[in-house]
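Enquirer: Make a model of this:
(one chain, ligands or ions: 3)
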Amino acid sequence: MKIVVSVIGVVLVAALTLFADAAHECERTCEAGDTRTCYYTFNLQEYHTMSRACFNCPFNTTDCSRPECIAGDGVARPLITINRQLPGPSINVCEGDRVVVDVYNWMLSDTETIHFHGHHMKDFQYYDGVPFVTQCPILGGSFRYNFVTTNSGTLWWHSHSGLHRGSGVFGAFVVREVEDPMAWSYDVDLPEHVIIFNDWFHVSTPDKFFNRYLFTDDDFATNILVNGKGRLFEAQYEGEEEASTPVEVVKVTPGLRHRLRLINAGGLNCPTIVSVDNHQLNVIGTDGDPIEPYVADSIVLHSGERYDVVLEADQLVDNYWIRFNGLIDCTQNECVQGAVLRYDGAPEELPTVALEYDSNYPPGVVVNPLNSDGVAEEEVTMVELNSFEPSVLEEQVDKKFYLALNFNLVDNLLFFNPDLYSVNDVSDIWQAPTPQINNITFRFPLSPPLSQPSDPQPTVCFYDEESTCVGNFCACTYVFEVGLGETVEMVLVDEGTIGDENHPFHLHGYKFHVVAMQRLGSETTLEEVRALDAAGLITRRLENTVKKDTVTIPDGGYTVIRFTADNPGWWAMHCHLVFHSEMGMIGALHVGETSDLPPVPEGFPTCGSFMPDV
Ligand SMILES: *[C@@H]1O[C@H](CO)[C@@H](O)[C@H](O)[C@H]1NC(C)=O
Ligand SMILES: *[C@@H]1O[C@H](CO)[C@@H](O)[C@H](O)[C@H]1NC(C)=O
Ligand SMILES: [Cu+2]
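Expert: Numbering: from 1, shown residues only. Ligands and ions are numbered 1, 2, ... in the order given. From the prediction side, this is the model:
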């Protein structure tokens with residue numbers, strides 16, 4: 001008992017000293033031959049914005065920046081944090097470094113896993129952080145993620161358990177290279193130029209979720225935070241007063257070209273237009289892959305996407321707004337946030353120009369527009385951009401899958417009872433639609449097939465096979481089988497029958513080429529897209545395509561992706577909106593055999609169901 005207490009003591013002391021805010025020893029200029037082991041302690045717990053750590057915030061703005069004070073937009077709400085920070089700690093390492101993240105779960109009764117989004121975990125499959133797919137959820141106690149970085153760029157980490165990412169469990173993860181192929185395009189690339197933003201609201205994330213699905217509320221956002229900071233501009237929401245909480249300040253040096261790394265960590269459906277007053281953005285990469293630079297006036301980031309842009313500080317020394325205007329579920333409450341682009345030598349003030357919500361793209365070129373048909377010349381989609389490194393894909397693929405991502409009015413047993421209150425019996429406001437892939441809701445396996453490969457998997461169903469249905473509601477562990485080394489194509493279709501939604505699709509373990517993307521209308525069907533494809537009317541682009549791990553599918557349209565399945569394992573593929581993926585808009589890509597995998601780490605935790613015969 002004594003030992004346990006002292007261990008806890010050590011951990012709490014470690015947590016308490018974190019606010020010294022000294023740069024981590026792995027945050028450095030990357031040099032050949034210098035690879036390190038980089039340790040991080042993640043203390044996970046329930047927390048609150050505007051806590052006692054905030055003293056007189058927002059009336060005394062200095063107090064808002066106290067250690068462990070999460071002011072957010074000045075409105076108090078529960079959240080979940082790592083080390084009482086929002087966003088959680090940044091991980092800045094060099095390619096080849098070993099990353100060790102010790103997660104200590106101090107939550108009252110909740111479990112956790114951490115996913116390293118965009119890192120392929122090749123040879124480290126067991127640390128991909130998907131509960132019941134790659135590992136057992138972390139109960140109380142601790143779990144050590146331990147892997148060598150094998151791919152680089154702007155990545156990030158986030159919880160993959162329940163709604164925790166929406167509650168605040170996320171942070172930046174940047175892997176720099178000794179020889180960055182894009183180094184010629186910028187002068188500075190600093191950790192403080194990572195800009196991670198997320199949609200936000202004023203109740204706990206579970207409140208939002210259950211009020212949406214078990215009651216009649218909406219799932220609209222109230223605000224956007226930038227690096228955890230922001231204000232309720234215009235204070236138009238819920239009668240709240242505008243509080244003078246700090247906004248994020250991004251400092252730049254006149255005359256230099258700055259690499260900004262943008263990350264949309266949002267949980268709700270808020271594709272966000274990012275633009276900077278008086279400046280253009282030279283897009284040099286997305287999702288950790290370099291692209292042929294393309295100058296834009298604005299960029300749209302969908303949940304999970306990253307864009308690396310170069311901003312040249314070539315305007316008058318002053319303060320300028322970096323604007324974040326949210327779309328779809330951010331339109332109803334006109335969610336807009338600003339960060340200040342502050343030139344060295346400019347006064348410590350906000351820009352004098354007003355910050356008002358605008359759902360229109362600023363004049364000029366927009367990269368990655370929402371639900372675009374690609375016709376307008378200034379709307380530049382991901383199939384139109386070029387990769388930086390040349391590539392040529394083969395005409396044929398070994399495996400091809402069609403996936404319809406759609407909302408369906410079915411009797412989801414999580415919140416309907418077809419015998420008592422079926423989706424067809426209740427009035428419109430009670431008819432919450434269920435997000436599904438090919439009419440199937442993902443059921444998490446009873447134990448992780450990756451780390452417990454010999455367990456029976458009674459919940460599994462395969463692509464192109466019948467699933468298990470109760471009435472009109474079908475649910476199973478939906479698996480897509482691929483042989484190691486096979487080339488794969490996925491035709492992703494957003495049928496768009498309910499609302500103008502947009503499901504950002506994320507694949508674990510890989511980057512894929514974006515070979516086609518088109519919007520057909522406000523609605524389409526998988527059958528229509530299949531027919532177009534059969535008639536040869538979906539042209540694939542095979543040369544120099546952009547590679548990504550998260551991509552938008554235009555509502556009422558399709559996105560076609562390709563990759564070579566050279567990374568064995570069990571890889572989640574899902575809509576990146578946290579409410580949708582937790583409701584089962586997931587599939588599992590199974591590549592190769594157990595014999596293709598490294599051995600399960602010794603002592604790896606196990607779990608499963610206990611249902612002995614009576
Ligand atoms: C605001 O808080 C800071 C410390 O957090 C303190 O030093 C300062 O005196 C306070 N200002 C006022 C006006 O109370
Ligand atoms: C989903 O179900 C609907 C209604 O039964 C059917 O029309 C459609 O073809 C199904 N879609 C897929 C992809 O199976
Ligand atoms: Cu979705």
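Enquirer: Tell me which residues touch Thr441, please.
Expert: 412, 434, 473-475, 583-585 (Cβ atoms under 8 Å, 6 or more residues apart in numbering). For the C-beta atoms, the positions are set from N, CA and C on the backbone; glycine is no exception.
Enquirer: cool, and Val274?
Expert: Going by Cβ under 8 Å, 6+ apart, Val274 touches 262, 281, 298-301, 307, 322-324.
Enquirer: That one - that's part of a strand, no?
Expert: Yes: Val274: assigned to a strand according to DSSP: H, G, I helix; E, B strand; the rest coil.
Enquirer: Show me which residues of the stretch 201-350 of the chain are close to ligand 3?
Expert: Within the stretch 201-350 of the chain, no position is adjacent to ligand 3 by Cβ under 5 Å from the ion.
Enquirer: quick one: pLDDT of the residue in the stretch 201-350 of the chain that ligand 2 sits nearest to?
Expert: Nearest residue of the stretch 201-350 of the chain to ligand 2: Tyr213, at 20.7 Å (Cβ to the nearest ligand atom). pLDDT, Tyr213: 94.
Enquirer: coming back round to it: ligand 3: which of the contacts of Thr441 is nearest?
Expert: Ligand 3 lies nearest to Met585 out of those, by Cβ to the ion, at 5.1 Å.
Enquirer: Surely the closest one touches His574?
Expert: Yes: under the contact definition of Cβ atoms under 8 Å, Met585 touches His574, with a separation of 5.9 Å.
Enquirer: and for those two, which residues touch both?
Expert: Overlap of the contact sets of Met585 and His574 (by Cβ under 8 Å, 6+ apart) consists of Phe442.
Enquirer: Now the residue of the stretch 101-250 of the chain found nearest ligand 3: closest residue in space that isn't a chain neighbour?
Expert: Residue nearest to ligand 3 within the stretch 101-250 of the chain: Asp219 (11.0 Å; Cβ to the ion). Spatial nearest neighbour of Asp219, chain neighbours left out: Arg212 (4.6 Å); criterion: Cβ to Cβ, 6 or more residues apart in numbering.
Enquirer: you'd agree that neighbour is in a helix?
Expert: Yes: applying three-state DSSP, one finds Arg212 inside a helix.
Enquirer: check contacts around it.
Expert: With Cβ under 8 Å, 6+ apart, Arg212 has these contacts: 218-219, 432, 579.
Enquirer: Likewise for Leu355?
Expert: By Cβ under 8 Å, 6+ apart, the contact set of Leu355 is 233, 321, 323, 336, 338.
Enquirer: Quick check: chain neighbours aside, which residue is closest to it?
Expert: Per Cβ to Cβ, 6+ apart, closest to Leu355 is Gly338, 4.5 Å.
Enquirer: Nearest to ligand 1 among the contacts of Thr441?
Expert: Closest to ligand 1, out of all of those and judged by Cβ to the nearest ligand atom, is Met583, at 42.8 Å.
Enquirer: I'd assumed Ile437 was in contact with the closest one.
Expert: No: checked against Cβ under 8 Å, the pair Met583 and Ile437 is beyond contact range at 11.1 Å.
Enquirer: What is the burial count for the closest residue to ligand 1 within the chain?
Expert: Closest to ligand 1 within the chain is Asn60: 3.6 Å, counting by Cβ to the nearest ligand atom. Each residue near Asn60 was counted by other Cβ atoms under 10 Å, and the total is 12.
Enquirer: now the one 4 residues further on
Expert: The tally of other residues near Cys64 (other Cβ under 10 Å) stands at 23.
Enquirer: For it, grab phi and psi.
Expert: In terms of degrees, to the nearest 10, the main-chain angles of Cys64 are phi -70, psi -20.
Enquirer: quick one, what contacts it?
Expert: Counting by Cβ under 8 Å, 6+ apart, Cys64 touches 54, 57-58, 71, 245-246.
Enquirer: Pipe those into JSON lines and attach neighbour count, secondary structure and pLDDT per row.
Expert: Putting those into JSON lines (neighbours: other Cβ atoms under 10 Å; DSSP: H, G, I helix; E, B strand; the rest coil; pLDDT from 0 to 100) gives the following:
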{"residue": "Cys54", "neighbour count": "23", "secondary structure": "helix", "pLDDT": "97"}
{"residue": "Cys57", "neighbour count": "24", "secondary structure": "coil", "pLDDT": "95"}
{"residue": "Pro58", "neighbour count": "20", "secondary structure": "coil", "pLDDT": "92"}
{"residue": "Ala71", "neighbour count": "29", "secondary structure": "coil", "pLDDT": "97"}
{"residue": "Thr245", "neighbour count": "23", "secondary structure": "coil", "pLDDT": "93"}
{"residue": "Pro246", "neighbour count": "18", "secondary structure": "coil", "pLDDT": "95"}
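Enquirer: Let me know the closest of these to Pro456.
Expert: Of all the contacts of Cys64, Pro456 sits closest to Ala71, with 49.8 Å by Cβ to Cβ.
Enquirer: Could you report the distance from that closest one to Gly521?
Expert: According to Cβ to Cβ, to the nearest Å, Ala71 and Gly521 sit 44 Å apart.
Enquirer: go on, Val75?
Expert: The spacing between Val75 and Gly521, counted by Cβ to Cβ, is 40 Å.
Enquirer: and what of Trp106?
Expert: Counting by Cβ to Cβ, the gap from Trp106 to Gly521 is 50 Å.
Enquirer: and what of Leu393?
Expert: 28 Å.
Enquirer: Name the residue in these two with the higher neighbour count.
Expert: Just comparing Leu393 and Gly521: by other Cβ under 10 Å the higher neighbour count belongs to Leu393, 19 against 11.
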